[in-house]
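Visitor: with the sequence up front, the predicted model follows.
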Amino acid sequence: MPEPILSIKNLVVEFKTDDGIVHAVDDITYDVFPGETLGIVGESGSGKSVSTLSILGLIPQPPGRVVSGTAMFKGKDLLKLKKRELRAFRGDEVAMIFQDPMTSLNPVLKVGYQLGEAIKTHYPKVSDHDVKTRVVDLLTLVGVPNPDQRYDQYPHEFSGGMRQRAMIAMAIANSPSLLIADEPTTALDVTIQAQVLEVLKTVQNATNAATILITHDLGIVAELCERVLVMYAGKVVESGDVHTIFQNPRHPYTIGLMDSLPKLTEDEEWLRPIPGQPPSLISRPSGCAFHPRCFLSQGRLRCNEEVPSLRVVDGGDEHYAACHFAEELVGHHSKFSAPVAGGVA
Amino acid sequence: MEPASGGFVPPAAGGDIAAAGLEVKVRSQWSYARSRFIRHRLAMFGLVVLFVVFGAGVFANYIAPYSFSEIDLTNILAGPTTAGHHFFGTDEIGRDYFSRVIYGIRTSEEVGVFVAIVSSLLGLAIGALAGYYGGLIDNLLMRLTDLVLTLPFLAILATASALLGSGSQWRVSIILALLFWTGLARVVRGVFLSLREKEYVEAAKAAGAGDLRIMVRHILPNTLGPIIVNGTLAVAAAILTEAALSFLGFGIKPPTPSLGVLISEAQTNPQQWWLTVFPGLTIVIIVLAINFVGDGLRDALDPTQRRVRA
C-alpha cells in the first residue's frame, strides 16, 4: 500500500443548536491514496459532506466545531493550521467541486474572470495573459465549446451542465493533488450527469488527483470509484473495495441502500425503502444507531446496548463493517450481487 | 453519425457562428441597466433638469451675471426684471438675486455630493463589516447605528456649531455625513448578511480567496445597486437638511449664499415674494429631479423590483 495522501483519524465534528448538540461526524477514520477515487455514500445528514468540509475549515464556526481528530495532508495536520495557512491549501493543493453549479458561480462576474481568480489568488505573479491562456485551456479540457467566447460570458449565459464544467475547470485550475466533489451531479438532469461524469473522468486522468466523491447515488459510485465508504448517522458503517461492497455487502444499511434502488432488469411494482426515518443526530439511538431500522437486528439486545466498532470482515481484504452480526450476512446477496451494474452510463 | 449533426461537436471555428449571425451578443449587467434607465422617461427628464441646474451651479462664475456679493445701489429690492439682468430681482442691499441663487445652488450641490459620497463610504464600510462577520462585530456596529439614528440632528448641529463655531460649509457637511450613513449601513448589512451564505461565496472560499477579496470582488458588486440608489437619494436629503439647518441658523452662515440661507434672509422682507419663491422653487426642483433619477436607478438596477411602465 502506498502512503495515503490524506489521512483522517478520529474526526469528531459537532454543531451547537438550540435543541442540543448535533453530532454530525462522530469519530471517523479513513485514508485517501494518491490517484484513487474514494466514494462516500449515505443519506442526507449522514455527515458525508461535513466530514470533508470540516477538514478545509469550510463549516461555519460557530455553530460548528471540530472537537477532535487529525487530518494529515502532505505531512501537515489540516485541522491544526492557522486560517491563513489553510487558505493557502484551499483551491491549490485541495480543491472542491460543489453541488449546485447554478448558484456556485457569482452572477455578476464573468466566468473567465472567476476561473482566472482561482489562479491569481494563489499565484498573483502570473501575468494576465498567461492566466487567460490557462483558463481557455482548462475550458477546452472540460469540454466547453468556443472557450474564447465563453471566457467573456456571464454565468447566466451558461447552461447547467456548462456551469458545472466551468466549476470543475475552476477546481483543477491549480492542479490539486486532492479533489473533493460534493455531490457534483445531484443538481443536474440525467443526461447532463452522464456528461459531467465523463468530464470528471477526463479530469482525473489529466491531473491524476486523488478524488473524494460524495454522493448518494450508488450508480455514480459504481461508475467512478475504486473504494467506497458508507456513512450512517455520522459514522462509517462499511468500507471497502467497490466490487466487494457491491457483491458482498456486510452491513444491513448498505444492503438497504442497494435494495431501495430500482433495477431495470426486474419487473418491480414498488421500491423497497429502508423502513423508518434517519435518526436525529442530537439524540441518537443507543448502541448501533441503525438498529431501530435494521432487518438483521430483530430486537437483539446487543444492537441496542453496544456500539459496534468498525472491524475487518471477510478476512483481511481491506473490507470493514460496523455490525455485530456481519457474519450472518455471508451469502446474503443484494440486488447488485450480479456483475456490477453501471448506474448512469 | 455525421459530425455536423452531433450536439457535442463544437463548430470548427468561432468565425462560422458569427458568419451565420448566431453569435450571442455579450451584454453586461450594466448595459441592461443602462438601457432600462434610458427607457425610464421621468428619470431621464430628471437627469436633464439636474444637469441644467447643477451645471449652472458648477459654472456659476461664468453663468451668474454678477458675483454673489456685488451691490447694485440703483436697484434695491427690485422685482424680477430683465433690466440689468436681474432676472430674479434684487435683495435689500441691491445684490443680484439670480446670481445669489446660482451660487446658492453651488453651495448646496457641494454639500449634497460631499455628504452623499462620504456617508455612502462610511455606511458601506460599516454595513459590510457588520454583515460579513456577523456576531459580536455585527452587534456592536448595529447598536452604534441605532445610537446615531436616535440622535436629534438639530440638537447635534446646534451644539456643534456652538462648540466649533458655525458657518463653514465643510463643517456642516462633515457633521451631516457623520449622521447620514445609517440608512445605507443597514441596507448594505442586510445584503452582505444574505450574500455571505451564497454558494458562490463558499466556492470562492474553497478556492482560497480571503475575506477582503470576497467582500470587495464577490459581494460588493452585488450591492452596488442599492448603494448607488441610496447615494443619489442622500444628495437630495442632504440638500434639504442643509437648507433647513441654514434656515434655522445652525448651518451655513451668510454671506455664503446657500439656498437655505437665502430663504432665511428673505424673512425680513415678506412682501418681496421673489426672495422666497426662487430659492424655494430651486430646492424643490433639485430634490424632485434627484428623486426621479433615484427612482429610475432603482428600477434599472434592481430588475426584480421592476414595474412595467408605458
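Guide: In hand now; what should we look at?
Visitor: for chain A, what lies in contact range of chain B?
Guide: Residues of chain A found near chain B (Cβ under 8 Å from any Cβ of the partner chain) are A:56, A:58, A:87-92, A:95-96, A:98-100, A:103-109, A:117-118, A:121-122, A:143, A:145-146, A:148-149, A:152-154, A:157, A:167, A:170. Glycine gets a C-beta too; all of them are placed from N, C-alpha and C.
Visitor: hang on, B:Y62 in a helix?
Guide: Yes - using DSSP: H, G, I helix; E, B strand; the rest coil, the assignment for B:Y62 is a helix.
Visitor: out of the residues of chain A next to chain B, which sit inside helices?
Guide: A:87-89, A:117-118, A:121-122, A:148-149, A:167, A:170 (DSSP state H).
Visitor: could you dump these to JSON lines with pLDDT?
Guide: Shown next, in JSON lines, are these (pLDDT from 0 to 100):
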{"residue": "A:R87", "pLDDT": "84"}
{"residue": "A:A88", "pLDDT": "83"}
{"residue": "A:F89", "pLDDT": "83"}
{"residue": "A:E117", "pLDDT": "86"}
{"residue": "A:A118", "pLDDT": "85"}
{"residue": "A:T121", "pLDDT": "84"}
{"residue": "A:H122", "pLDDT": "84"}
{"residue": "A:D148", "pLDDT": "85"}
{"residue": "A:Q149", "pLDDT": "84"}
{"residue": "A:M167", "pLDDT": "86"}
{"residue": "A:M170", "pLDDT": "86"}
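Visitor: for the residues you listed, pick the one with the most neighbours.
Guide: Of all these, the most densely surrounded is A:M170 (30 neighbours; neighbours counted as other Cβ atoms under 10 Å in any protein chain shown).
Visitor: show me where the stretch 101-250 of chain B has its helices.
Guide: B:135-150, B:153-164, B:169-180, B:182-195, B:199-206, B:211-213, B:220-248 (DSSP state H, counting those that start in this stretch).
Visitor: which of those helices has the lowest average pLDDT?
Guide: Ranked by mean pLDDT, the helices of the stretch 101-250 of chain B end with helix B:153-164 at the bottom, a mean of 75.
Visitor: identify the residues contacting that helix?
Guide: With contact meaning Cβ atoms under 8 Å, 6 or more residues apart in numbering or on different chains, helix B:153-164 is reached by B:166-167, B:171-172, B:175, B:179, B:241, B:245, B:248, B:250-251.
Visitor: between which two of these is the distance greatest?
Guide: Taking Cβ to Cβ, the two most distant members of these are B:G167 and B:L179; they sit 18.5 Å apart.
Visitor: looking at these two, which is more packed in?
Guide: B:L179 (19 against 14).
Visitor: list the contacts of the more buried one.
Guide: B:L179 neighbours (Cβ under 8 Å, 6+ apart): B:148, B:151, B:153, B:156.
Visitor: the residue found closest to the first one once you drop the neighbours it is linked to in the chain: neighbouring residues, count only.
Guide: Translated: B:V148. Distances taken as Cβ to Cβ, 6 or more residues apart in numbering or on different chains put B:T182 closest to B:V148, at 5.2 Å, once the chain neighbours are dropped. The tally of other residues near B:T182 (other Cβ under 10 Å) stands at 22.
Visitor: how near is B:T182 to A:G276?
Guide: 52 Å (Cβ to Cβ, to the nearest Å).
Visitor: same deal with B:A116?
Guide: As judged by Cβ to Cβ, B:A116 and A:G276 stand 61 Å apart.
Visitor: these two: which has the busier surroundings?
Guide: B:A116 (25 against 10).
Visitor: residue contacts, the more buried one?
Guide: B:180, B:231-232, B:234-235, B:238.
Visitor: can you do 10 Å?
Guide: B:176-177, B:180, B:184, B:230-239, B:290 (Cβ atoms under 10 Å, 6 or more residues apart in numbering or on different chains).
Visitor: swap in B:F68?
Guide: B:60, B:95-97, B:99-104, B:106-107, B:255-257, B:262 are the contacts of B:F68 under Cβ under 10 Å, 6+ apart.
Visitor: next one, pLDDT for the closest residue in space to B:S246 that isn't next to it in sequence please.
Guide: The shortest distance from B:S246 to any non-neighbouring residue, by Cβ to Cβ, 6+ apart, is to B:G260 (3.1 Å). B:G260 is assigned 80 on the pLDDT scale.
Visitor: B:G260 touches B:Q267, doesn't it?
Guide: No - the criterion here is Cβ atoms under 10 Å, and B:G260 misses it with B:Q267 at 11.7 Å.
Visitor: just give me the neighbour total for the residue lying closest to A:G276 once chain neighbours are set aside.
Guide: Nearest non-adjacent residue to A:G276, counting by Cβ to Cβ, 6+ apart: A:R293, 3.9 Å away. For A:R293, the neighbour count with other Cβ under 10 Å is 18.
Visitor: pretty sure A:R293 sits against A:S260.
Guide: No - A:R293 lies out of contact with A:S260 (Cβ under 10 Å); the separation is 11.7 Å.
Visitor: ok, and the closest non-adjacent residue to B:V58?
Guide: Using Cβ to Cβ, 6+ apart, the closest residue to B:V58 is B:R106 (6.9 Å).
Visitor: and that neighbour, how close does it get to chain A?
Guide: Separation of B:R106 from chain A (Cβ to the nearest Cβ, to the nearest Å): 36 Å.
Visitor: low pLDDT regions in the stretch 201-345 of chain A?
Guide: By pLDDT under 70, the low-scoring segments of the stretch 201-345 of chain A are A:266, A:268, A:315-317, A:331-345.
Visitor: what about the strands in it?
Guide: For the stretch 201-345 of chain A, the strands defined by DSSP state E, counting those that start in this stretch cover A:210-215, A:227-232, A:235-241, A:311-312, A:320-321.
Visitor: pLDDT weak spots in the stretch 1-150 of chain B?
Guide: In the stretch 1-150 of chain B, residues with pLDDT under 70: B:1-29, B:72-73, B:75, B:77-79, B:81-87.
Visitor: distance of A:F33 from A:S7?
Guide: Applying Cβ to Cβ to A:F33 and A:S7 gives a distance of 10 Å.
Visitor: typo on my end, it should be A:P63
Guide: According to Cβ to Cβ, A:P63 stands 27 Å off from A:S7.
Visitor: over to A:H156?
Guide: Remark: distance between A:H156 and A:S7 (Cβ to Cβ) = 41 Å.
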